[in-house]
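Chemist: I would like to see how this sequence folds:
(chains A and B)
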Amino acid sequence: MTSLGSNVGAFREVTITVNGRKVTANVDTRTLLVEFLRETAGLTGTHVGCDTSQCGACVVEFDGDSVKSCTMLAVQADTGAVTTIEALGTAEALHPMQEAFTEHHALQCGFCTPGMVMSACDLLRKNPSPTQAQIREWLDGNLCRCTGYNNIVAAISAAAPVLATGAQGEGTP
Amino acid sequence: MLSQNGENRILAGGMTLLPSLKHRLAAPPALVDLAGIGPLRGISKSPEGILIGAMTTHSTVASAPLVREVLPSLGELAGGIGDPQVRHRGTLGGSVANNDPAADYPAACLGLGATIVTNRRRLAADAFFNGFFSTALAPAEVLTSILFPVPKRAAYVKFANPASRYSMVGVFVAQFERHVRVAVTGAGRDGVFRIRVFEQALEAEFSPQILPAHSIPLDYLNSDMHASAAYRSHLINVLAKRAVGACLRVHAKAPMRHGGAVAY
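Modeler: Presented below is the predicted three-dimensional model:
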């Protein structure tokens, strides 16, 4: 057990399955999941946007649910499975959600976008045909400073029937 | 571990504790993670009411068929906490043990007259909430589940801060066979409280019109950057009427949201 004010953290070995690949590392137990993903797993698509768990730029999928990876410790994700934005598609083969975001101009600077897309995919897994109001309510935890949200909602509405029919790109919906 | 060092803290969902650590508001030497303890999760029905494990997440409570059928006001309250990602991790026990004065669950606990079950004893909600971020939990005592009695009807109406979605004022009204309970969160200086004057009025006649134009003393209420005590006092009256109205509506409605107010 560490003492208060000590510079040396406690360390633990964790194994997290990230995008289907087991990643094992010995981490300071204070490491946030978002830090593990960005720095240990090298996947920088997941972003750190605020210090207050509000903005959602860090949203990933953990054991089937969207979560804010800045508000989880890596040790809490030990033995679990994380999916990040990198798993959804590639520039050559966009995931339908990414396709919809492009078609509907649902991003400008792109900083909130990975979190938006991961959050939106979780919504459609749980509610395949959401109303506009339900989409807006679901996005309570995802802030965008650029777009004013209307195009994001339109993109998600457009992606819903595509994903509902199972016509998807590679990666997890 | 909790007995070894009084500074060690329990980690439930982490939706309040981890942000506190990130902001250096707390620096416990160790965290005791309850996530692996299976028996702390789950929702079941008994003759006394609905029993919910402390580690049950808000999203689980919000979507559980048993809750929707028997105690829908509780499910709707849980579904309005924070945002979807927070609801996937935040827990009933964590929320109640923390007793944030703007949290929603304490209003349900006090409004329904719930029993807080710990690893040592059972406590009535009336005896549990001790003030600003304070409860009757002793050091190293762990909240394990909460038993919610089932009322004839109940509703929770919340005026949510549009940014944080915490309650600026939240009113829980529950009507039982012979008594009514009215609990208010978000407004009090010392956290959640009941309004006996409203309860007595509603026991005589359960209707929004009967509610007296009652003024909670302003020095009892919280004034901050989001709302003055006077505004909160006004909101308590408005939301109490809406909660009674919601109880009286025969058919369940989808939650309405306008200008930050969420009505059920």
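Chemist: can you map out the helices along the stretch 151-264 of chain B?
Modeler: Under the criterion DSSP state H, counting those that start in this stretch, the stretch 151-264 of chain B contains helices at B:196-204, B:229-248.
Chemist: Output the shortest one as CSV, restricted to C-alpha atoms.
Modeler: Presented in CSV, the C-alpha positions along helix B:196-204 are these (Å, rounded to 0.1, in the frame of the first residue of the first chain):
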residue,chain,number,x,y,z
ARG,B,196,-44.3,17.2,6.4
VAL,B,197,-46.7,20.0,5.5
PHE,B,198,-47.1,18.7,2.0
GLU,B,199,-47.4,15.1,3.2
GLN,B,200,-50.2,16.0,5.6
ALA,B,201,-52.1,18.0,3.0
LEU,B,202,-51.9,15.1,0.4
GLU,B,203,-53.0,12.6,3.0
ALA,B,204,-56.2,14.6,3.4
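Chemist: To what extent is residue B:65 buried, counted in neighbours?
Modeler: Residues lying near residue B:65 (other Cβ atoms under 10 Å in any protein chain shown) number 9. Every C-beta, even on glycine, is put in place using the N, C-alpha and C of the backbone.
Chemist: Could you do residue B:44 as well?
Modeler: Applying other Cβ under 10 Å, we find 11 residues neighbouring residue B:44.
Chemist: In chain B, what residue lies closest to chain A?
Modeler: Residue of chain B nearest chain A, by Cβ to the nearest Cβ: residue B:83 (2.9 Å).
Chemist: and the nearest residue to that residue once chain neighbours are set aside, how many neighbours does it have?
Modeler: Distances taken as Cβ to Cβ, 6 or more residues apart in numbering or on different chains put residue A:141 closest to residue B:83, at 2.9 Å, once the chain neighbours are dropped. Residue A:141 has 23 neighbouring residues, counting by other Cβ under 10 Å.
Chemist: what's the closest of the helices of the stretch 151-264 of chain B to residue B:98?
Modeler: Closest to residue B:98 of the helices of the stretch 151-264 of chain B is helix B:229-248 (Cβ to Cβ; 20.9 Å).
Chemist: how about the closest one: buried residues?
Modeler: The neighbour-count check on helix B:229-248 (16 or more other Cβ atoms under 10 Å in any protein chain shown) flags B:229, B:231-233, B:235-237, B:239-247 as buried.
Chemist: Sketch out the low-pLDDT regions of the chain for me.
Modeler: Going with chain A. For chain A, applying pLDDT under 70 flags the ranges A:1-8, A:167-173.
Chemist: hm, I was asking about chain B
Modeler: The model of chain B has pLDDT under 70 over residues B:250-264.
Chemist: spatially speaking, which residue is in the middle of it?
Modeler: Against the mean C-alpha coordinate of chain B, by Cα atoms, centre = their mean, the closest residue is residue B:105 at 1.6 Å.
Chemist: returning to that earlier point: thought the residue nearest to residue B:83 was touching residue B:85?
Modeler: Yes - here residue A:141 lies in contact with residue B:85, judged by Cβ atoms under 8 Å, at a distance of 4.8 Å.
Chemist: joint contacts of the two?
Modeler: A:56, A:59, A:68, A:119 (Cβ atoms under 8 Å, 6 or more residues apart in numbering or on different chains).
Chemist: For the closest residue in space to the first one that isn't next to it in sequence, give its distance to residue A:119.
Modeler: Put plainly, it is residue A:56. Among residues not flanking residue A:56 along the chain, residue A:142 sits closest, at 3.6 Å (Cβ to Cβ, 6+ apart). Between residue A:142 and residue A:119 the computed distance is 5 Å (Cβ to Cβ, to the nearest Å).
Chemist: swap in residue B:102?
Modeler: 24 Å.
Chemist: cool, and residue A:70?
Modeler: 14 Å.
Chemist: that older thread, which neighbours do residue A:142 and residue A:119 share?
Modeler: Shared contacts of residue A:142 and residue A:119 (Cβ under 8 Å, 6+ apart): A:56, A:59.
Chemist: and the closest residue to the residue nearest to the centre of chain B other than its chain neighbours, how many residues sit next to it?
Modeler: Closest residue in space to residue B:105, ignoring its immediate chain neighbours: residue B:95 at 4.4 Å, by Cβ to Cβ, 6+ apart. Residues lying near residue B:95 (other Cβ under 10 Å) number 26.
Chemist: Pull up the residues of chain A that are close to chain B.
Modeler: A:1-4, A:10, A:30, A:32, A:51-54, A:56, A:59, A:65-68, A:70-73, A:75-76, A:119, A:122-123, A:133, A:137-138, A:140-142 (Cβ under 8 Å from any Cβ of the partner chain).
Chemist: Can you tell me which of these are buried?
Modeler: Buried by 16+ other Cβ under 10 Å: A:30, A:32, A:53-54, A:56, A:59, A:65-68, A:70-73, A:75-76, A:119, A:122-123, A:137-138, A:140-142, out of the residues of chain A next to chain B.
Chemist: and the most centrally placed residue in chain A, what does it touch?
Modeler: In chain A, the centroid-proximal residue (Cα atoms, centre = their mean) is residue A:60; its distance is 2.5 Å. By Cβ under 8 Å, 6+ apart, residue A:60 lies in contact with A:33-34, A:37, A:46, A:66-67, A:69, A:82-85, A:118.
Chemist: Same check on residue B:192?
Modeler: Residue B:192 neighbours (Cβ under 8 Å, 6+ apart): B:99, B:101, B:106-107, B:109-110, B:129, B:183-185.
Chemist: So out of everything in chain A, what residue is nearest chain B?
Modeler: The minimum distance from chain A to chain B, using Cβ to the nearest Cβ, falls at residue A:141 (2.9 Å).
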